[in-house]
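Student: the following comprises the amino acid sequence and a computationally predicted model.
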2 protein chains.
Amino acid sequence: MMEHIGLENVLPAQIEARSFEIITEELGDTPLVPGTEPVVKRCIHTSADFDYAKNLVFSDGVIERALEALRQGAVIVTDTQMGKAGINKKKLAEYGSEVICFMSDEDVAAAAKENGTTRAAASMDKAAALDRKMIVAVGNAPTALVRLHELVRDGALKPEVIIAVPVGFVNVVRSKELILELKDVPSIVARGRKGGSNIAACICNALLYMLDERR
Amino acid sequence: MMEHIGLENVLPAQIEARSFEIITEELGDTPLVPGTEPVVKRCIHTSADFDYAKNLVFSDGVIERALEALRQGAVIVTDTQMGKAGINKKKLAEYGSEVICFMSDEDVAAAAKENGTTRAAASMDKAAALDRKMIVAVGNAPTALVRLHELVRDGALKPEVIIAVPVGFVNVVRSKELILELKDVPSIVARGRKGGSNIAACICNALLYMLDERR
């Protein structure tokens, strides 16, 4: 039925596993940092872009730190509704956590207007006012990273982990380097221009699934 | 203030325009189908991946057809909550329309289970039961495209336009070719493995903004 129109017959439940097999095959002996493979492969799975085998930078111990934070119920703060939509909220709820996006909040829009900044930057200020353990996952706005860098540097916010993967052309490359310069907060960074809300979400999901496998 | 840490000083409202300038510069004389430029450039803007200058295939007249459909209030049916989150719903509402995603519906989950198919395929059956003018935008599931192809071929569904941009490794390439084989429904297809919910959403947004410019 399927084969005659040139389709591979894969059961719905097996599609993801088969995809990861293909990715593993095609990666061949591309060197990956031990322990980061599930994250790298999920980024490739989400984008069909093997550049993620090369552009992802992981701080020492960041995976363990992120898993421990999630195990302890750290919230995920992200900079787009799209990233929020892509994160497995059911899975996150199993760990007593949730994902928060302040981008549509009226007070954030008002603060951005007043300060002549972006809503993304203002949403980081709102995150800093949260008194919770958190992972910050930025998939869209370099301005969020620039503000986050300031907040961390000034001691106003200390996330467990920063996932810094905005995409784009204006200040994106440099904003990610700023996060890499932070010594006290471990990070996962997609160096260069590439990234996106989909990449931010899939990194969070990869971490959640890694945690699941250890249960 | 910004320059000393290596950032380009661009006002929040100018970031997108500046990004498009950079994309246009870097595209140089890469040939694009006349009239499709805003769509192609927005895909590059969303992914920082210039492959979209080469892999997007546009049926003759598809842009005009899509704009006319949106002007007439065609709904957008998409296959992920993430795609739905990324589409500019405020703008769509200005044209009396909305975006619909059936993926989380219980009847869709039940139908998929009963038929041994994916929820994405079952969601296309549910779309076929809608008696509305529609654009179908598939960013994730090739199984949605395979079912969509059957429904169109069998006369059960006739969307105004199909946006076929799932990403991945299993049946993705072939499912997009099936859509290109449909003669009666114009399409925008990201040929090959690349695409995603973000790409589906940004193509819809590009069309909405093109419509805006003509008002």
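Tutor: Noted; the coordinates are in hand. It should be emphasised that the depicted structure is a prediction, and the values quoted were computed from it without experimental measurement. Numbers count the residues shown, from 1 in each chain, chains lettered A, B, ... in the order given.
Student: what ranges do the helices span in chain A?
Tutor: A:15-27, A:37-47, A:52-55, A:62-71, A:81-86, A:89-94, A:106-115, A:119-128, A:142-153, A:172-181, A:197-214 (DSSP state H).
Student: can you redo those helices as JSON lines with distance to B:Leu130, mean neighbour count and mean pLDDT?
Tutor: C-betas here are computed from N, CA, C, even on glycine. Below are the helices of chain A laid out as JSON lines (distance: least, Cβ to Cβ, whole Å; neighbours: other Cβ atoms under 10 Å in any protein chain shown; pLDDT from 0 to 100):
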{"stretch": "helix A:15-27", "distance to B:Leu130": "26", "mean neighbour count": "15", "mean pLDDT": "96"}
{"stretch": "helix A:37-47", "distance to B:Leu130": "29", "mean neighbour count": "23", "mean pLDDT": "98"}
{"stretch": "helix A:52-55", "distance to B:Leu130": "37", "mean neighbour count": "18", "mean pLDDT": "98"}
{"stretch": "helix A:62-71", "distance to B:Leu130": "39", "mean neighbour count": "20", "mean pLDDT": "98"}
{"stretch": "helix A:81-86", "distance to B:Leu130": "22", "mean neighbour count": "27", "mean pLDDT": "96"}
{"stretch": "helix A:89-94", "distance to B:Leu130": "27", "mean neighbour count": "14", "mean pLDDT": "96"}
{"stretch": "helix A:106-115", "distance to B:Leu130": "33", "mean neighbour count": "14", "mean pLDDT": "96"}
{"stretch": "helix A:119-128", "distance to B:Leu130": "34", "mean neighbour count": "24", "mean pLDDT": "97"}
{"stretch": "helix A:142-153", "distance to B:Leu130": "37", "mean neighbour count": "24", "mean pLDDT": "97"}
{"stretch": "helix A:172-181", "distance to B:Leu130": "39", "mean neighbour count": "19", "mean pLDDT": "97"}
{"stretch": "helix A:197-214", "distance to B:Leu130": "27", "mean neighbour count": "23", "mean pLDDT": "96"}
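Student: export stretch A:91-103 as CSV, just CAs?
Tutor: This file holds the C-alpha atoms of stretch A:91-103, laid out as CSV (Å, rounded to 0.1, in the frame of the first residue of the first chain):
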residue,chain,number,x,y,z
LYS,A,91,6.7,15.5,30.6
LEU,A,92,7.8,18.7,32.4
ALA,A,93,4.7,18.5,34.7
GLU,A,94,5.8,15.0,35.7
TYR,A,95,8.8,16.7,37.3
GLY,A,96,6.6,19.2,39.0
SER,A,97,7.6,22.0,36.6
GLU,A,98,6.3,24.2,33.8
VAL,A,99,7.4,26.4,31.0
ILE,A,100,6.9,30.2,31.2
CYS,A,101,6.9,32.8,28.5
PHE,A,102,6.4,36.4,29.4
MET,A,103,6.4,37.7,25.8
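Student: quick one, which of the helices of chain A gets closest to B:Lys84.
Tutor: Comparing the helices of chain A against B:Lys84 with Cβ to Cβ, the closest turns out to be helix A:81-86 (7.1 Å).
Student: which residues does that closest one contact?
Tutor: A:78, A:99-101, A:103-104, A:137, A:139-140, A:197-198, A:200-202, A:205, B:80-82, B:84-86, B:197-198, B:201 (Cβ atoms under 8 Å, 6 or more residues apart in numbering or on different chains).
Student: wait, isn't A:Phe20 in contact with A:Cys43?
Tutor: No. Contact criterion Cβ atoms under 8 Å: A:Phe20 and A:Cys43 do not qualify, at 11.9 Å.
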